[in-house]
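> From the sequence below, what's the structure:
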Amino acid sequence: METAIIIPARYGSTRLSAKALRHIGQITLIEHVWRRAQDVPNTVVYVATDHDEIAKTVSGFGGEVLMTSPTCETGSDRVADALSQLPSGINNIVNLQGDLPFINSKEVLDVLKPLESGFDVGTLVACMPDDKQRNPSFVKAVVSVTPTPGVLQCHWFCRASLPYGHHHLGVYAYTRDALEKFAQQSPHPLEMQERLEQLRFLTLGYTIGAVLVNSIAMEVNTEQDLEDARAYEMQYQ
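As a prediction, this is how the structure comes out:
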């Protein structure tokens, strides 16, 4: 097994407390994401957390848990903290954020394509409607084309309203070197201002490539997001 999907999950959240354990339909948010990850072929799936209740919940539905430090600043820091617990044969590391209950399992491994074309970090983006372009809750990726068909280069990420940009999805793939060096550095002031961990990679000089996907760009970060996800679940699932 060469690819591990790690789902970072924390209990505390300033916008939606204990969101990993909130229910969408009959199951928790973290189980929704785990189930999507389980459907990705040729991978092994872990949930990385520092919270006993999340660990107990994940173990209860059959997931494998990696316990991490409570001081992890971001999801990528938590994935980096879990690296030492991974089997030595794993070369590809995918961070699937625990707030994407409807991510398309068939598109998750597209995040590896930028690494294959020489980028240090891979991620996924989607098209963004005008109302989300104006909403600071949604992260915008400023990208350009590259010589590799289907792979875009990410130049910056922000929350501010933009008349252009793609919706950035919380899915990453890393080289081990980039992830380890990321975790050794303190958050950059621009990262802290925007509350976007990917800016630390860019300010360290690492390159980020992206693939445009069709996944439902529905993240659960606020109470309104949770209501929207529950409505979507009832209507379409």
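> Show the contacting residues for residue 81.
Contact partners of residue 81, counting by Cβ atoms under 8 Å, 6 or more residues apart in numbering, are 48, 68-69, 72, 183. To be clear about C-beta, it is placed using only N, CA and C from the backbone, and glycine gets the same treatment.
> In which helix or strand does it reside?
Assigned by DSSP states H and E, residue 81 belongs to helix 75-82.
> Could you point out the helix or strand that follows that helix?
strand 92-96.
> how far does that following strand sit from the chain's center?
Between the centre of strand 92-96 and the centre of its chain there are 9 Å (Cα atoms, centre = their mean, to the nearest Å).
> got the angle between that strand and helix 75-82?
In terms of direction (axes from the mean of the first three to the mean of the last three Cα atoms, to 10 degrees), strand 92-96 departs from helix 75-82 by 140 degrees.
> who touches the helix or strand bottoming out on mean pLDDT in the chain?
Within the chain, no helix or strand scores below helix 130-133, which has a mean of 87 by mean pLDDT, DSSP states H and E. With contact meaning Cβ under 8 Å, 6+ apart, helix 130-133 is reached by 138, 140, 161-165, 167, 217.
> ok, of those residues, which come out buried?
138, 140, 165, 167, 217 (16 or more other Cβ atoms under 10 Å).
> Which parts of the protein are strands?
Secondary structure of the chain (DSSP state E): strands at 3-9, 23-24, 27-28, 44-49, 65-67, 92-96, 121-126, 140-145, 152-158, 166-174, 208-212.
> got the angle for the fourth one vs helix 75-82?
Strand 44-49 and helix 75-82 meet at an angle of 110 degrees, taking the same axes, to 10 degrees as the criterion.
> How many neighbouring residues does the closest residue to residue 117 other than its chain neighbours have?
Distances taken as Cβ to Cβ, 6 or more residues apart in numbering place residue 148 nearest to residue 117, at 4.2 Å, with adjacent residues excluded. Look at residue 148: counted by other Cβ atoms under 10 Å, it has 16 neighbours.
> sorry, back to before: dump the contacts of helix 130-133 into CSV; add distance to residue 36 and pLDDT as well.
Output for these, formatted as CSV (distance: Cβ to Cβ, whole Å; pLDDT from 0 to 100):
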residue, distance to residue 36, pLDDT
138, 20, 89
140, 24, 96
161, 30, 88
162, 28, 87
163, 32, 86
164, 29, 86
165, 25, 90
167, 18, 94
217, 14, 80
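> State the pair within these that is farthest apart.
Greatest spatial distance in the contacts of helix 130-133: 163 and 217, 18.1 Å, computed using Cβ to Cβ.
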